[in-house]
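Peer 1: 3D model of this:
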Amino acid sequence: DNLCAIIDVNRLGQSDPAPLAHDMDQYRRRLNSFGFNTVVVDGHDVEELCKAFHTAETTKGMPTAILAKTFKGRDFPDIEDQMNWHGKPLGDKAESVLAHLTSLIKNPSAERPAICSPNNDVPDVSLVGAAM
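Peer 2: Next comes the predicted model:
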């Protein structure tokens, strides 16, 4: 009950669609068979993600897997969920995509939240003498 896996199910691989595409039920059944409490969410919905993390935190006796259904290039006009865009520059589409994304900002003058540095509380471990 202290493990939470997050799986981004975005349908597309590097050059071809993923074999299970967006078959969220198939992913859920597979993870359940390994003993996971599985939560399927819209990976673009922050509120759903927060609820899933709360579920993971309060689930006892089993790990939780959050299956986040997403679309590569979300909100990028003519690019969202399309093949052959992964890792490529936008080229002549850059200005129009940035203008569109900027238009989606609901409160552009909002104060940015402070993000704390991660804790460095992991003990040193020596692998000297370890064998496989």
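
Peer 1: so the most centrally placed residue in the chain: helix, strand or coil?
Peer 2: Nearest to the mean C-alpha position of the chain, counting by CA atoms, centre = their mean, stands residue 8 at 4.1 Å. Secondary structure, DSSP: H, G, I helix; E, B strand; the rest coil: residue 8 is strand.

Peer 1: contacts for the lowest-mean-pLDDT helix or strand in the chain, please.
Peer 2: Here the helix or strand of the chain ranked lowest by mean pLDDT, DSSP states H and E is helix 94-103, holding a mean of 91. Contact with helix 94-103 is made by 75-77, 79, 90, 108, as judged by CB atoms under 8 Å, 6 or more residues apart in numbering. The way it works is simple: take the backbone N, C-alpha and C, and place the C-beta from them, glycine included.

Peer 1: check those and tell me the two furthest apart.
Peer 2: Within the contacts of helix 94-103, 79 and 108 form the most distant pair, 22.7 Å apart (CB to CB).

Peer 1: between the two, tell me which one has more neighbours.
Peer 2: residue 79 (17 against 6; other CB atoms under 10 Å).

Peer 1: one step back: got JSON lines for the contacts of helix 94-103, with secondary structure and distance to residue 54 too?
Peer 2: Formatted as JSON lines, the contacts of helix 94-103 follow (DSSP: H, G, I helix; E, B strand; the rest coil; distance: CB to CB, whole Å):
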{"residue": "75", "secondary structure": "coil", "distance to residue 54": "26"}
{"residue": "76", "secondary structure": "coil", "distance to residue 54": "30"}
{"residue": "77", "secondary structure": "coil", "distance to residue 54": "34"}
{"residue": "79", "secondary structure": "coil", "distance to residue 54": "33"}
{"residue": "90", "secondary structure": "coil", "distance to residue 54": "36"}
{"residue": "108", "secondary structure": "coil", "distance to residue 54": "29"}
